[in-house]
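Enquirer: Attaching a predicted model along with its sequence, questions to come.
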Amino acid sequence: MRPEFAVLAKGSEGGGAALDQVIVLTGSAMLVAAGLFWVAYLHRTRRITWLENAADRLGQLGNRPGWVALPLAVFITTILTALLGFIWDVSLHIGKGRDEGPLANPAHYFIMIGLFFLFIAGMLAVVLPLDEKPGPAAIRITRTWYAPVGGVLMAAVGLYALIGFPLDDIWHRLFGQDVTLWGPTHLMLIGGAGLSLVAVLLLEFEGRLDRPDPDRSDGRLLWVFRVFAFGGLLIGMSVYQVEFDFGVEQFRLVFQPMLIVAASTVALVSARYTLGRGSAVVAVLFAFLVRGVVAVLVGPILGAPHNVFPLYLGVAVVVELMALLPLIRKPVWWGAVTGLAAATVGLWLESLWVGGMFVDPWPTSMWPELLAMAVPVGIAGGALGALLGMVLRGEPLPRPSVRRGLVVAAVLIAAAATANGLRVHVPEKASATVRLQDAAPAPGGRMVTADVTLTPTDLVGDDPEWVQILGWQGGTGSDSPGRGLVVDHLQRVEPGRYVSTKPVPAYGNWKTVLRVHDGSLLTALPVYMPEDRGIDAAGVPASNEFNRPFVAEITVLQRERSFDHPSWLLAGASLIVLICSLLVIWALAWGAARIVLAYRNDVRAQGLATAVRR
């Protein structure tokens, strides 16, 4: 390979964090944890009363026990902090590239604090109960100490997310920095936070039998707060799509509709079945408000690349209409059929929003494969959403073999759809001749337009997902084009020939890449790359005219990544992350079943069940 194409290389940077930063982070976490566990010890031994008093006073407001009220108050604060940090972190990586270290990225502080206190919120629910058994499903810890299932699950998913931090550092030391949201350890970080909303809903449900004022019915305000929790679940399950929200997805576009269907069916079907008319729409409006505020903070205010996000309103309307059918009396079947409608009609309605707002609309040619992936996922997601709704309404569940089979089938369906989406074809002996013409310069340097001829000319069809030039990681300064991100969808003028619609950068730290995606074909070549001595990577000049071969896109976009390792090492590390993730899913399913079965056997539940509104 000629030096100008050696865009991926290994050097002294791009690996794990510096040891001094690792020591600082570890020491700080241990110090804070020691202080919090000391407070917990004092509370459990009844040497302090202020923690219990504060929890009980807060519980009076929502008519929930303190072991529900205080953890949820902490959770709300911490999850919003983590969400802001997460979106900001993704935006900074897109606009600036890799970090100099975990302490050099301000967004990391928000993420670490948020996830740490997610774990603390769960532990508060575990520690707070003193003289009571917190709900009929409570888990026995010692002879006299019982903990609510939802609290244990919240602490568990928080710990799962926190474990992602040291594993992420180990991952980077082994494989370099995979500058993508979908790195396995990155999925642990965001997955733990996203799935924590299931634990929150279960914890709130457990608290209903131990209300401070049993005769006081839940008012409309509490209904709204519960709907907001489902809106939070919708946001949490949408975090896997954030690369698509910025328009820098490093995987096939067909994943986006599948992920939209998965998130919306689970969250909105469960919301509508649990809380009744209008809840799906209100949950979507809440999610839109939260994501909108965060997008404004990260983009215009903090000066990073902006992002958009799915609307979900079309799916919510479909769910609300499907709930008018008599089939809702058979919730699992209703959920599955509603999932089918969401994955077809609802997804078509969502495509109108995507086409108008997102960087990469869905081409007509993608719809057959899109539906082949989204429909099974939608059916499975709808059935799971209905099961969660049955739990949160305290209704009898299907027999164990059926409910376990549904969960396993949903996991296998999602795995099969993901495996199909990961199929990527890199063409052999394909190249592009690029002719660059200088445009009006930016404050920092050269801007160019391109005239691109593909070889062979039939490399892509008439309706590809994209033929584009991406410029990113150029810096988030106010004078930087697009605040570090520019995407130019090239215009087709004849078979195999495409021209620019706007200038792209070819200077400084920018990484400017020609990307082609048509079906399973996903490939790229460098237009301009700076020299990067930190990873021993040679620069790639933006000559006025050049011909370069197409290569695997990952080798161009993830420049810091190292492939100099045995294949079994990557497979083994990925398997460990997969096992941890499956254990989290199993724990949530087990906890939900335990709660509803215990609830059904508790005499106090009989009167409360009549108050549940459809």
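Expert: Here it is on my side, so go on.
Enquirer: Find the nearest non-adjacent residue to the residue nearest in space to the middle of the chain, please.
Expert: Centroid-nearest residue in the chain: Val239, 1.9 Å away (criterion: C-alpha atoms, centre = their mean). Excluding its sequence neighbours, the residue lying closest to Val239 (C-beta to C-beta, 6 or more residues apart in numbering) is Ile190, at 4.5 Å. Every C-beta, even on glycine, is put in place using the N, C-alpha and C of the backbone.
Enquirer: where does the one you found land in three-state SS?
Expert: helix (DSSP: H, G, I helix; E, B strand; the rest coil).
Enquirer: Let me know how buried Ala147 is, in neighbour terms.
Expert: When neighbours are counted by other C-beta atoms under 10 Å, Ala147 registers 24.
Enquirer: Wait, the residue nearest to Val239 touches Phe86, no?
Expert: Yes - with contacts defined as C-beta atoms under 8 Å, Ile190 counts as touching Phe86 at a distance of 6.4 Å.
Enquirer: between those two, which one's more packed in?
Expert: Per other C-beta under 10 Å, whichever of Ile190 and Phe86 has more neighbours is Phe86, with 26 against 23.
Enquirer: Next up, the contacts around the more buried one.
Expert: Ala107, Phe110, Ile111, Ile190, Ala193, Val239, Val242 (C-beta atoms under 8 Å, 6 or more residues apart in numbering).
Enquirer: that's a helix at it, yeah?
Expert: Yes - assessed by three-state DSSP, Phe86 belongs to a helix.
Enquirer: Give me the distance between it and Thr180.
Expert: Computed as C-beta to C-beta, to the nearest Å, the Phe86 to Thr180 distance reads 14 Å.
Enquirer: And Trp362, by the same measure?
Expert: Distance from Trp362 to Thr180, by C-beta to C-beta: 21 Å.
Enquirer: repeat for Val296
Expert: 25 Å.
Enquirer: More neighbours: the two, which one.
Expert: Neighbours per residue (other C-beta under 10 Å) separate Val296 from Thr180, with Thr180 holding more: 18 against 12.
Enquirer: give me every residue that touches the closest residue to that one other than its chain neighbours.
Expert: Among residues not flanking Thr180 along the chain, Gln250 sits closest, at 4.8 Å (C-beta to C-beta, 6+ apart). Contact partners of Gln250, counting by C-beta under 8 Å, 6+ apart, are Thr180, Trp182, Glu243, Glu553, Ile554, Leu557, Gln558.
Enquirer: what's the closest of those residues to Asp536?
Expert: In terms of C-beta to C-beta, no member of the contacts of Gln250 lies closer to Asp536 than Gln558, at 15.4 Å.
Enquirer: burial of Pro51, as a residue count?
Expert: Not quite, residue 51 is Leu, not Pro. Neighbours of Leu51 using other C-beta under 10 Å come to 18.
Enquirer: the strands in the stretch 51-200 of the chain, which residues?
Expert: 139-140, 146-147 (DSSP state E, counting those that start in this stretch).
Enquirer: who's in contact with stretch 36-49?
Expert: Leu51, Glu52, Ile120, Met123, Val127, Leu128, Leu130, Trp145.
Enquirer: can you check stretch 582-598 too?
Expert: By C-beta under 8 Å, 6+ apart, stretch 582-598 touches 135-137, 149-150, 152-153, 156-157, 160, 191-192, 195, 198-199, 202, 205-206, 387-388, 390-391, 394-395, 397, 400, 403-404, 407, 411.
Enquirer: related to what we said a few turns ago, for the residue nearest to Thr180, phi and psi?
Expert: In terms of degrees, to the nearest 10, the main-chain angles of Gln250 are phi -110, psi 20.
Enquirer: what do you get for Pro398?
Expert: phi -60, psi 160.
Enquirer: Also Val513?
Expert: phi -130, psi 140.
Enquirer: ok, it - contacts?
Expert: Ile469, Leu470, Gly471, Ala524, Leu525, Pro526, Val527, Val556, Leu557.
Enquirer: The host helix or strand of the fifth one: what's the following helix or strand?
Expert: I take that to be Leu525. Using DSSP states H and E, the element containing Leu525 is strand 521-528. Following strand 521-528 in sequence order, the next helix or strand is strand 545-549 (DSSP H and E).
Enquirer: re earlier: between Ile190 and Phe86, what contacts are shared?
Expert: Joint contacts of Ile190 and Phe86 (C-beta under 8 Å, 6+ apart) are Val239.
Enquirer: Quick one: the helices in the stretch 251-400 of the chain, in order.
Expert: 255-275, 279-296, 313-322, 331-341, 347-357, 367-392, 400-421 (DSSP state H, counting those that start in this stretch).
Enquirer: So which residues make contact with the fifth one?
Expert: When contacts are defined by C-beta under 8 Å, 6+ apart, helix 347-357 is touched by residues 256-257, 260-261, 308, 310-315, 317-318, 361-362, 370, 374, 378.
Enquirer: Equivalent analysis for stretch 206-220, please.
Expert: Looking at what lies outside stretch 206-220 - C-beta under 8 Å, 6+ apart - the contacts are 56, 59-60, 63-65, 67-69, 132, 134-138, 148-150, 595, 599, 602, 604-605, 608, 611.
Enquirer: Output that stretch as CSV, nothing but the C-alphas.
Expert: Taking C-alpha atoms only, stretch 206-220 is exported to CSV below (Å, rounded to 0.1, in the frame of the first residue of the first chain):
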residue,chain,number,x,y,z
GLU,A,206,-43.7,-1.8,44.0
GLY,A,207,-44.3,1.4,46.0
ARG,A,208,-48.0,1.5,45.3
LEU,A,209,-48.9,-1.1,47.9
ASP,A,210,-47.0,0.9,50.6
ARG,A,211,-48.4,4.4,50.0
PRO,A,212,-48.3,6.6,53.1
ASP,A,213,-52.0,7.4,52.7
PRO,A,214,-53.7,4.3,51.3
ASP,A,215,-57.0,6.1,50.9
ARG,A,216,-55.6,8.8,48.8
SER,A,217,-56.0,8.1,45.1
ASP,A,218,-53.4,8.9,42.5
GLY,A,219,-54.2,12.2,40.9
ARG,A,220,-53.8,13.4,37.3
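Enquirer: what about that stretch, average pLDDT?
Expert: What stretch 206-220 shows for mean pLDDT is 84.
Enquirer: quick one: that stretch to chain centroid distance?
Expert: Averaging C-alpha positions (C-alpha atoms, centre = their mean, to the nearest Å) puts stretch 206-220 33 Å from its chain's average.
Enquirer: Now stretch 44-54: buried residues?
Expert: Arg44, Leu51, Glu52 (16 or more other C-beta atoms under 10 Å).
Enquirer: Relative to the whole chain's centre, how far out is it?
Expert: Relative to where its chain is centred, stretch 44-54 has its mean C-alpha point 37 Å off (C-alpha atoms, centre = their mean).
Enquirer: first vs last residue of that stretch, how far apart are they?
Expert: Stretch 44-54 has an end-to-end distance of 15 Å (C-alpha to C-alpha, to the nearest Å).
Enquirer: Now do it, average pLDDT.
Expert: 92.
Enquirer: What segments of the stretch 501-614 of the chain are helices?
Expert: 553-557, 567-600, 604-609.
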